[in-house]
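[1] Requesting a structural model of the entry that follows:
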Amino acid sequence: MRKLDILKNVGSSWVSLGVNIVIGFFLSPFILHRLGDAAFGIWVLIFSVTGYYGIFDLGIRSSVIRYISKLTAVEDKEGLAKFFNTSLATYTFIGLATTAVTLIASRYVGAMFKIDPNFLPTAHWLFLIVGLSVAVGFPLGIFAGMLEGLQRFYLLNFTNVISLVLRAILTVMALHRGYGLLTVGLITVLLPLLSSVARAVLVFRILPIPIGWKYVDRSVFSEMANYSGVTFVIQVAYKLRFKTDVIVIGKFLGSAFITQFSIGGRLVDYATEVVGSLAQIFLPMSSQSEAKGDVNRLRKIFVAGNRACALVIFPVTAILVILGKSVIEAWVGRKYVAASYPIMLVLLLPTTLILAQNATPRVIYGMAKHRTLAWITSIEGVANLILSIVLVRWMGVIGDAIGTAVPLSFTALYFTPRYLSRLLGVRVWTFLREAYVLPVVLCTPLVAVLMIMRRWFPVHRLIPLMTEIVLAMAVYGVGLWWAVRTRRVYEVGDLASPELLAAETTELAESLTDQV
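    Next up is the predicted model:
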């Protein structure tokens with residue numbers, strides 16, 4: 001993949017993300033203040049519950065990305081037709097099953113959660129609307145995965161930006177005219193479906209693929225299931241890691257408390273999305289390298305990719321830790337600072353450790369070596385759920401956040417840096433030095449500037465806050481510009497351990513001897 005293509009994909013991802021963050025930053029408090037804490041909590045709760053429908057994906061999305069990139073690399077047109085049609089048929093059956101689940105579950109929303117009786121009819125219909133849209137989105141979602149597999153992220157992001165802008169405009173118009181939660185929910189789910197249709201048109205223009213039942217292949221389904229089955233376990237674990245908090249709070253504390261958690265949690269989500277939009281390019285890159293047997297390139301993606309993730313997340317974390325109270329106050333109001341800032345800190349610090357290594361799981365997926373990752377994330381997810389249930393009763397909302405942070409910290413500090421290092425024959429210390437020394441050095445002046453501004457120029461409104469953030473990022477930008485100009489951002493030293501190099505040399509010598 002050329003550097004120009006990488007820049008185009010990453011740049012468009014950040015533009016899309018920037019639009020999403022700006023719209024979310026202004027739209028979320030607008031919706032909150034228009035609907036109130038209770039209704040906004042129901043909004044977050046319903047979308048969190050239906051977010052669990054993502055487990056019905058069964059890991060197929062990751063297999064679409066992997067196999068589309070692999071089959072296009074070897075120009076296997078017949079394999080592409082079989083894989084596409086088999087995936088589409090599978091997704092269609094999943095969509096039908098999701099529809100049935102939604103029709104049944106929507107009738108029991110009031111029994112499952114503490115919801116104000118006045119909001120029960122609204123909660124029922126909102127669940128129905130969102131759940132059915134997710135069901136329709138399963139077969140349509142294959143085209144987003146195909147664009148990722150084709151490494152056409154810029155097309156995916158273009159359709160996403162249009163959808164986001166239209167959604168924001170229609171939401172503001174609806175609330176201004178007095179419409180409520182159901183109308184906003186309908187707008188929120190319809191625009192992504194329309195963008196999925198646009199992606200389908202783009203995919204068929206780029207890669208004409210025949211459609212027909214004759215291309216649905218049982219052996220392709222088995223191969224896809226072997227890969228995606230492990231991914232499915234990881235997806236379930238990720239849902240336990242990040243999506244149980246709102247449900248636990250809704251169950252034991254009530255929907256109004258969800259608002260406190262969602263404010264701090266949403267800021268962490270924004271940071272996650274910033275890094276995720278960069279890291280997504282590493283899966284198809286790793287898949288192609290693995291298909292060609294280029295282990296050295298996999299090592300470079302592992303180190304340089306995580307370095308890039310750290311260069312993005314470290315300054316974001318510094319800003320949120322040091323200026324986080326001002327961010328929350330300028331965003332949604334001073335009354336939410338006391339409850340939401342500690343929640344944000346508890347979630348942000350272990351999440352930063354994970355995000356600084358966000359290229360690692362992409363490389364693992366690309367190599368199809370994600371079985372161990374599935375076990376670890378499953379253990380973490382179950383521990384998260386158990387701790388959250390125990391601590392939320394004892395400590396309230398902050399206890400739920402701690403229940404998420406503790407298992408996440410263990411994974412980030414112990415498992416993640418070691419597993420792929422061992423697979424690729426890179427010493428852990430070599431990986432840590434090559435990946436993180438430069439980001440830490442570049443962030444040091446940024447932290448100093450932020451500390452000075454917080455002490456001498458405290459701010460409480462949006463414009464002064466944005467001014468301080470821009471000034472601090474300008475300082476960071478100077479260091480980053482120097483690192484790019486001197487190519488220190490791209491440089492990767494010798495990564496393979498001496499033991500592995502000796503083994504590879506011996507293997508090569510034996511191969512040459514056999515040939516003689």
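[2] How far away from the center of its chain is stretch 118-133?
    Offset of stretch 118-133 from its chain centre (CA atoms, centre = their mean, to the nearest Å): 26 Å.
[3] cool, stretch 469-486 as well?
    Centroid separation for stretch 469-486 versus its chain: 26 Å, with CA atoms, centre = their mean.
[4] And the average pLDDT for it is what?
    Mean per-residue pLDDT for stretch 469-486: 90.
[5] in it, what's buried?
    Across stretch 469-486, burial judged by 16 or more other CB atoms under 10 Å covers 469, 472-473, 475-476, 479-480, 483. C-beta here means a position set from N, CA and C on the backbone, and glycine is covered the same way.
[6] Equivalent analysis for stretch 175-193, please.
    Across stretch 175-193, burial judged by 16+ other CB under 10 Å covers 175, 181-192.
[7] Return the subset of the residues you listed lying in helices.
    Judged by DSSP state H, helices contain the following of these: 175, 181-192.
[8] Which residue in these has the weakest pLDDT?
    Within these, pLDDT is lowest for residue 181, at 76.
[9] Hmm, residue 124 and that one touching each other?
    No. Look at residue 181 against residue 124 with CB atoms under 8 Å: they stay out of range, at 11.6 Å.
[10] Which of the helices or strands spans residue 44?
    helix 37-51 (DSSP states H and E).
[11] And that helix, what does it pack against?
    helix 3-35, helix 120-140, helix 181-206, helix 244-252, helix 255-279 (3 or more CB pairs under 8 Å, 6 or more residues apart in numbering; DSSP states H and E).
[12] Out of the ones in helices among the buried residues of stretch 175-193, which comes closest to residue 345?
    Nearest to residue 345, judged by CB to CB, of these is residue 188 at 29.0 Å.
[13] residues contacting the closest one?
    Under the criterion of CB atoms under 8 Å, 6 or more residues apart in numbering, the neighbours of residue 188 are 130, 167, 171.
[14] quick one: contacts for the second one?
    Meaning residue 167. Contact analysis of residue 167 by CB under 8 Å, 6+ apart lists 23, 187-188, 191.
[15] Low-confidence stretches in the stretch 401-516 of the chain?
    493-516 (pLDDT under 70).
[16] what about the closest residue to residue 13 other than its chain neighbours, neighbour count?
    The spatially closest residue to residue 13, leaving aside those adjacent along the chain, is residue 277, at 3.7 Å (CB to CB, 6 or more residues apart in numbering). Neighbourhood size, residue 277 [other CB atoms under 10 Å]: 22.
[17] hang on, isn't residue 277 packed against residue 18?
    No. In this structure, residue 277 is not within contact of residue 18 by CB under 8 Å, at 9.4 Å.
[18] Quick check: the gap between residue 308 and residue 314.
    For residue 308, the distance to residue 314 equals 11 Å [CB to CB, to the nearest Å].
[19] now do residue 492
    Taking CB to CB as the measure, residue 492 and residue 314 are separated by 19 Å.
[20] the more surrounded of these two?
    Ranked by neighbour count (other CB under 10 Å), residue 492 and residue 314 place residue 314 first, with 22 against 15.
[21] That one is in what secondary structure piece?
    Judged by DSSP H and E, residue 314 forms part of helix 295-332.
[22] next one: that helix to chain centre, how far?
    For helix 295-332 - counting by CA atoms, centre = their mean - the centre lies 13 Å from the chain centre.
[23] before we move on, what about stretch 176-194?
    Chain-centre distance of stretch 176-194: 24 Å, with CA atoms, centre = their mean.
[24] Likewise for stretch 141-160?
    Taking the mean of its C-alpha atoms, stretch 141-160 sits 15 Å from the chain's own mean (CA atoms, centre = their mean).
[25] Extract the CA atoms of it and return them as PDB.
    Taking C-alpha atoms only, stretch 141-160 is exported to PDB below (Å, rounded to 0.1, in the frame of the first residue of the first chain):
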ATOM      1  CA  GLY A 141     -23.300  -3.700   6.400                       C
ATOM      2  CA  ILE A 142     -21.300  -6.200   4.200                       C
ATOM      3  CA  PHE A 143     -20.500  -3.300   1.800                       C
ATOM      4  CA  ALA A 144     -18.700  -1.300   4.500                       C
ATOM      5  CA  GLY A 145     -16.500  -4.300   5.200                       C
ATOM      6  CA  MET A 146     -15.800  -4.700   1.500                       C
ATOM      7  CA  LEU A 147     -14.700  -1.100   1.200                       C
ATOM      8  CA  GLU A 148     -12.300  -1.700   4.100                       C
ATOM      9  CA  GLY A 149     -11.000  -4.900   2.500                       C
ATOM     10  CA  LEU A 150     -10.400  -3.000  -0.700                       C
ATOM     11  CA  GLN A 151      -8.600  -0.300   1.300                       C
ATOM     12  CA  ARG A 152     -11.000   2.300   0.000                       C
ATOM     13  CA  PHE A 153     -11.600   3.900   3.400                       C
ATOM     14  CA  TYR A 154     -12.000   7.300   1.900                       C
ATOM     15  CA  LEU A 155     -15.200   6.200   0.100                       C
ATOM     16  CA  LEU A 156     -16.500   4.700   3.400                       C
ATOM     17  CA  ASN A 157     -15.700   8.000   5.200                       C
ATOM     18  CA  PHE A 158     -17.200  10.100   2.500                       C
ATOM     19  CA  THR A 159     -20.600   8.500   2.800                       C
ATOM     20  CA  ASN A 160     -20.300   8.600   6.600                       C
END
